[in-house]
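> Test case, fold it:
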Amino acid sequence: MLALEPLGLSANQWQFLSAPDKYVAASTHRTQALESTRRQFLTAHEILVRLNGSYRNEARRGVLLADDVGLGKTAVAALVAWVVASCGQGRVRILAPNDVVARRWVDELHSQVEPLQKLAPALNTRKNRVKRRMERLSAGSIQIANHSYAASKVKLTCDLLIIDEAHRAKGEGTGFSRALERQRKYARRVLILTATPFSIQLEELIRMLRLVGGEAARGPVRAFSRALNDLYSGNTAREHEGVAKSLALKAKAAVDALSSFVIRHSVDDLPLEQKWFGKREDWNIDVPRAREEEVELMLRMDRALRLAKTGGLFSSKATNDPRFHVGFRYFDCVTQDLTRETPRLPDPTRGLVVNQLRIIKGLRPEVRINSKMAAVAEGVISTIKEGDKVVLFCHHHATAQELTAYLASQVQELKARNLPGQSVWRMAWQEVLRPSEPSEERLRSTFIEWLCAELVRSQTWSWLPKASVSKSKLIESLSTSPARGDQNPETVANAAQRLFDALLQSKSSRAVLKEAAEYPERLAGRNGNARVLGVCLPSEREDEQSLFIQNQQPDTVISIFNSPFGPDVLVVTDKLSEGIDLHRYCRHLIHYELDSSPIRTVQRNGRVRRVNSWAAVTGKPVCLAYPALRGTRDYRLVQIMKKRVNSFSLLLGGVHDFDVEEIADMDEQWRNDVITAAKARLKAAGNALRCG
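Numbers count the residues shown, from 1 in each chain. Have a look, this model is predicted:
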């Protein structure tokens, strides 16, 4: 490992971090929240002080930035990257989890160039110093690579290595974790970013602390880890007050040891910034109790699969699969598989399975749709009728496919009355949108055709004064009317221009625009009147093809969903639970299907509760729904998950995933009592990791 020599940075070179108000004024391309920018600048300053050893502080090999989801860790780290790369002609490498997040890093670094050129000209920030290609890293450059690059034979020699979404490296046996252990000796300093550093087992945190030179915190962290293990797997007959006191004492000792290496802020502990995030509240979607026929189908499938396993079939299939409780697409697939394979079973097992399948096939037509899915569809429909967008998260692709198809069948097409013809709209948009370079004029024409599609025209018409029939009136209305409601400061014209600019900035979106000239359906919302879109593995059913994106690069869909136009409902899997913004025009999120880890749920919520969210713009709360099908294991899983997510910040993120089959209700209530009793002490301990 390289010696811990000074980085050679002068504190005078980051004096601009003391002037967040000037930075906000200089940022002309995006809205900045002053309170959030001030906290981000303070955090960046503290990281630089620790890494460089300034103001008589001891230099640290690294820092772990563990701010809550949505607090702008990328912005903070980008500021640090520019200082390190510019001041001492340093070399910075950034490891992002995937291409989508890597492109977001490029956008963030580029967005800081203009204000930094005004506030800190000595830094000499330029966009061409941000490198996306995997090439030799020159002095003064910032290179963004994917996590997989760490496993290559290339030595990640640099002055600062930034690891984004680093919780993926917590597991000791993962390839990424092993690669970082090997590569860390080539980086002079390390900055780790993750909103969930303490998940599942605190032993995982110790492995990340090793990357930043925080071995000194190992003992207290392990003691707190044992206390958490005891909370989730220990004797629940003990008096909860004593357990709470012990837990709080060990938490404080762990925080004291971590304070030199870890910085952490929680959204709920930043009152001055609350208005920029919007309030949060539970969205209660009334799901009825599972019908007798539904429960019988699940029980009979469980029985049939257990018998099949006994007979040597489907050794890896879950008999009480969680997908059976939230939909029927996967259930039907398993029924088909079981029907096909049953003849291989020996007697008398074959006869017993055949009997179960006969009853299942007789019951199935009586049920048609899962009760939870039907109830959620009603909640979605009522929400989009009020002009809001909705994002729904699923854990499995089969569930996401079924939910997308069912929602699309229930959501009415959006058709406006007295809608001006396409030719009038086309001429108006030609006047409203800025002229493009000759090389981009074809892309601009394709985008205008998309704006003139039936769905987008109907949406836009609902936001305009109804006297906007002529071309001149339409141009005036587009230029002055707010998009999606009077509370929005963004006009329809500005929203369209911002969306077009965003599509041009992304290579994958530019490619989609080029393809859309010949294949219009490639642009979300262009194919007919589709108000529902699924971002998951596309369905193989021919009649559902238009409901799903047909590539694995969702940049275009994300940009459109972050505009007032296009699909009102997005059904996604956990691929979009990290590093993605979905908050610009959406404040409603439904956890239709849950992963067993509370960490995934926390990551999902952060997609819509972020700085400058739609909730903050409208003054309405972020609405989070955890619908549950009563009378099934789905209901029990959701109740436990909600309790553990609520305890996330209080336990410094130390919540375990779980198997709902193994948890007793009284045990979970005891844990809840312990957390409640320890709340004040734990919250005070966590605040010690904040800056300022």
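
> Need phi/psi at Ile163.
Backbone torsions of Ile163, given as degrees, to the nearest 10, read phi -110, psi 110.

> didn't it look like it was pressed against Ala187?
No. Using CB atoms under 8 Å, Ile163 is not in contact with Ala187; the gap is 9.5 Å. In this view, the C-beta of every residue, glycine as well, is placed from N, C-alpha and C.

> And the helices in the stretch 351-500 of the chain, which stretches?
Counting by DSSP state H, counting those that start in this stretch, the segments of the stretch 351-500 of the chain that form helices are 371-385, 397-410, 422-432, 441-451, 454-462, 471-480, 492-505.

> Is it possible to get CSV of the ones you listed that adds mean pLDDT?
Shown next, in CSV, are the helices of the stretch 351-500 of the chain (pLDDT from 0 to 100):
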stretch, mean pLDDT
helix 371-385, 97
helix 397-410, 96
helix 422-432, 95
helix 441-451, 95
helix 454-462, 93
helix 471-480, 94
helix 492-505, 94
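
> To His240, which of these lies closest?
His240 lies closest, by CB to CB, to one member of the helices of the stretch 351-500 of the chain: helix 371-385, at 33.3 Å.

> Verify the stated contact: Glu165 with Val101.
Yes. Between Glu165 and Val101 a contact is recorded at 6.9 Å, counting by CB under 8 Å.

> And the spatially closest residue to Pro538 that is not a sequence neighbour, how far from Ser539?
Setting aside the residues directly before and after it, Pro538 is nearest to Phe548 in space (CB to CB, 6 or more residues apart in numbering), at 3.9 Å. Phe548 sits 6 Å away from Ser539, going by CB to CB, to the nearest Å.

> what touches both of the two?
Counting by CB atoms under 8 Å, 6 or more residues apart in numbering, the contacts common to Phe548 and Ser539 are Gln401, Thr404.

> what is in contact with Glu165 and Val101 at once?
Residues touching both Glu165 and Val101 by CB under 8 Å, 6+ apart: Glu578, Gly579.

> Ile163 and Ala187 - which one has more neighbours?
For Ile163 and Ala187, the more surrounded residue by other CB atoms under 10 Å is Ile163, and the numbers stand at 31 against 26.

> Who are the contact partners of the residue nearest the centre of the chain?
Closest residue to the average C-alpha location of the chain: Ser577 at 3.0 Å, with CA atoms, centre = their mean. Residues counted as contacts of Ser577 (CB under 8 Å, 6+ apart) are Phe393, Arg600, Gln603, Arg604, Arg607.

> export these to JSON lines and tack on secondary structure and distance to Thr339?
Below are the contacts of Ser577 laid out as JSON lines (DSSP: H, G, I helix; E, B strand; the rest coil; distance: CB to CB, whole Å):
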{"residue": "Phe393", "secondary structure": "strand", "distance to Thr339": "32"}
{"residue": "Arg600", "secondary structure": "helix", "distance to Thr339": "34"}
{"residue": "Gln603", "secondary structure": "helix", "distance to Thr339": "38"}
{"residue": "Arg604", "secondary structure": "helix", "distance to Thr339": "36"}
{"residue": "Arg607", "secondary structure": "coil", "distance to Thr339": "40"}
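
> and of the residues you listed, the nearest to Val424?
When these are compared against Val424 (criterion: CB to CB), the nearest one is Arg607, at 36.8 Å.

> How is the nearest residue to the closest one once chain neighbours are set aside assigned, secondary-structure-wise?
Residue nearest to Arg607 in three dimensions, not counting chain neighbours: Leu582, with 4.3 Å by CB to CB, 6+ apart. Per DSSP: H, G, I helix; E, B strand; the rest coil, the local secondary structure of Leu582 is coil.

> Next up, phi/psi of Leu582, please.
Main-chain torsions, Leu582, degrees, to the nearest 10: phi -130, psi 20.

> go on, the one 5 residues further on?
Recorded main-chain torsions at Arg587 are phi -130, psi 10, according to degrees, to the nearest 10.

> quick one, what contacts it?
Here Arg587 is in contact with Gly278, Asp388, Val608, Ser613, Trp614, Ala615, Thr618, Lys620, Pro621, Val622, Cys623 (CB under 8 Å, 6+ apart).

> just checking, the first one touches Asn612?
No. Distance between Gly278 and Asn612: 9.7 Å, which falls outside the contact criterion (CB under 8 Å).

> who's more crowded, these two?
Taking neighbours as other CB under 10 Å, Gly278 and Asn612 compare with Gly278 leading, 25 against 18.

> What score does the nearest residue to that one once chain neighbours are set aside have for pLDDT?
Nearest-residue entry for Gly278: Ala615, 2.7 Å, with adjacent residues in sequence omitted and distances by CB to CB, 6+ apart. pLDDT, Ala615: 94.

> circling back to that earlier point, among the helices of the stretch 351-500 of the chain, show me which one is buried the most.
Between the helices of the stretch 351-500 of the chain, helix 397-410 has the highest mean count of neighbours, a mean of 22, where neighbours are mean count of other CB atoms under 10 Å.

> Contacts only, for the nearest residue to Val569 once chain neighbours are set aside.
Distance criterion CB to CB, 6+ apart; nearest residue to Val569, sequence neighbours excluded, is Val532 at 4.4 Å. Residues in contact with Val532 (CB under 8 Å, 6+ apart) are Thr404, Leu407, Ala408, Val411, Leu547, Pro567, Asp568, Val569, Val571.

> Dump the one helix or strand the residue nearest to Gly278 maps to to CSV, keeping only the CA atoms.
Using DSSP states H and E, Ala615 maps to helix 614-618. Extracted in CSV, the C-alpha atoms of helix 614-618 (Å, rounded to 0.1, in the frame of the first residue of the first chain):
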residue,chain,number,x,y,z
TRP,A,614,-42.2,17.1,-7.1
ALA,A,615,-43.5,16.8,-3.5
ALA,A,616,-41.5,19.9,-2.6
VAL,A,617,-42.7,21.8,-5.7
THR,A,618,-46.3,21.1,-5.1
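
> Which helix or strand lies directly C-terminal to that helix?
Moving toward the C-terminus from helix 614-618, the next helix or strand (DSSP H and E) is strand 622-625.

> Which parts of the stretch 151-300 of the chain are helices?
Counting by DSSP H, counting those that start in this stretch, the stretch 151-300 of the chain has helices at residues 175-183, 203-211, 218-233, 240-258, 274-277, 292-310.

> got the contact list for the last one?
Around helix 292-310, the neighbours that count as contacts under CB under 8 Å, 6+ apart are 314-315, 317-320, 324-325, 331, 334-335, 338, 341-342, 345, 349, 352-353, 356-357, 359-360, 363-364, 366-367, 370-371, 629, 631-632.

> change it to 7 Å
With contact meaning CB atoms under 7 Å, 6 or more residues apart in numbering, helix 292-310 is reached by 314-315, 317, 319-320, 324-325, 331, 334, 338, 345, 349, 352-353, 356-357, 359-360, 363-364, 366-367, 371, 631-632.

> The following helix or strand past that helix to helix 292-310, inter-axis angle?
Reading on from helix 292-310 to the C-terminus, the next helix or strand found by DSSP H and E is helix 329-341. For helix 329-341 against helix 292-310, the angle by axes from the mean of the first three to the mean of the last three CA atoms, to 10 degrees is 40 degrees.
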